[in-house]
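Novice: What would the 3D arrangement of this be:
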Amino acid sequence: MITGHQIRAARALLDWSAQETAERSGLTRETIQRLEKTFDIPASRTKSLVELRRVFEEAGIEFIGSPGDGPGVRLWK
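Specialist: Numbers count the residues shown, from 1 in each chain. Model (predicted):
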């Protein structure tokens, strides 16, 4: 699973707005912004987090660490 801070960091590395992320993932801008406010794993449907992770990974983001142990992201292009 991914954390809210990882979502925000991934978006920043890709220079994507919340709106662009929403369009690419099929979620709403408000959902993206809500998920990003959480330090840990956001309260959400697992399907939404899985889809966000897939979209970010296809764009070159690698999720590192785990939610309880140094979660982070890095860009691989």
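Novice: Please count neighbours and contacts with C-alpha atoms only from this point.
Specialist: Noted.
Novice: what helices or strands is the helix or strand hosting Gln6 leaning on?
Specialist: Of the helices and strands defined by DSSP states H and E, Gln6 is found in helix 4-14. Counting contacts by 3 or more Cα pairs under 8 Å, 6 or more residues apart in numbering; DSSP states H and E, helix 4-14 is packed against helix 29-36, strand 69-75.
Novice: what sits up against that helix?
Specialist: Helix 4-14 has contacts (Cα atoms under 8 Å, 6 or more residues apart in numbering) with 17-18, 21, 35-42, 52, 56, 59, 61, 63, 71-75.
Novice: Next secondary structure after it?
Specialist: Next along from helix 4-14, by DSSP H and E: helix 18-25.
Novice: gap between that next one and the chain center?
Specialist: 11 Å (Cα atoms, centre = their mean, to the nearest Å).
Novice: what's the angle from the lengthiest helix in the chain to helix 29-36?
Specialist: Counting residues, the longest helix found in the chain (DSSP state H) is helix 46-58. Orientation note: helix 46-58 sits at an angle of 90 degrees relative to helix 29-36 (axes from the mean of the first three to the mean of the last three Cα atoms, to 10 degrees).
Novice: Please shift the residue numbers so they start at 511 in all later answers.
Specialist: That works, and once the first residue is 511, the last one we named lands at helix 556-568.
Novice: and the gap between Glu540 and Gln529?
Specialist: Distance, Glu540 to Gln529, by Cα to Cα, to the nearest Å: 9 Å.
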